[in-house]
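Q: I need the structure of the sequence given here:
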Amino acid sequence: MGLIISQTYAKIGIDRIYSRLDIESRDAQLNLHQNHAKVNIEAEFPKVQIDQYEAFASAGLKNHLDLRREISQRGHRHALEHIGKVADDGDAMAAIENGGNLIPEIAKRDSYTVREFDIDAIPKASPEVTVTGELEIDFEKNYWTVIHNGVESTFVPARFNLNYTPENIKIFLSQYASIKFDYVENKINTYV
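A: Next comes the predicted model:
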């Protein structure tokens, strides 16, 4: 008699999902926008004008109009002085009660000129100096710029995402253990 024994071993199945950590991050951002200061400058270059006419005129260097005016005033003054002197001389000659010989005295007095000398410095007037030109500075600003100093900022906060998938192990029996017995008839005669 034949006996066949077949055995099937048990099989274990393991499904494993590994743990996983996903990190997603974004840095914080600070965006600044600034309106730059604007300064408008308008400048006219300085010009120095020096008028030396008064200084030259006090030294005797005058233009024709002022020279003519001065000569006419001097002539007018000399004429009035001469008229005054002639009137005084006439009054003195008319006063015969005082006696004396006035004509030789007047002739002697008028025969030479009496000069007066003095020390002086020229020019008597200083030059006239005028400076022209201007500098105009204009700051462009408005109420909003003064309050916020022209700076606008936008802040985007940092973002941090963390996704964790835990480890998962699944153990299962994919094949059960078994024993099988089969009987096979033996056709060989072993007693002969």
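
Q: low-scoring pLDDT stretches of this structure, where are they?
A: Judged against pLDDT under 70, the low-scoring parts of the chain cover residues 1-2, 36-37, 140-150, 186-192.

Q: longest single helix anywhere in it?
A: Counting by DSSP state H, the longest helix found in the chain is helix 64-94.

Q: and that one, what does it pack against?
A: Using 3 or more CB pairs under 8 Å, 6 or more residues apart in numbering; DSSP states H and E, the elements in contact with helix 64-94 are helix 102-111. C-beta: built from backbone N, CA, C; applies to glycine.

Q: what lies in contact with the helix it packs on?
A: Asp89, Ala92, Met93 (CB atoms under 8 Å, 6 or more residues apart in numbering).

Q: and the longest helix of the chain with helix 102-111, angle?
A: 160 degrees (axes from the mean of the first three to the mean of the last three CA atoms, to 10 degrees).

Q: each with direction, which strands does the helix or strand Ile179 falls within pair with?
A: In the assignment (DSSP states H and E), Ile179 maps to strand 178-184. Note on strand 178-184: by DSSP bridges, its sheet partners are strand 2-8 (antiparallel).

Q: for the residue nearest the centre of the chain, list each beta-bridge partner.
A: Geometric centre of the chain, nearest residue: Val39, 5.7 Å, by CA atoms, centre = their mean. Beta-bridge pairing of Val39 under DSSP bridges involves Phe139.

Q: my read is that it contacts Leu135, right?
A: No. Val39 sits out of contact with Leu135 when judged by CB atoms under 8 Å, with a separation of 11.8 Å.
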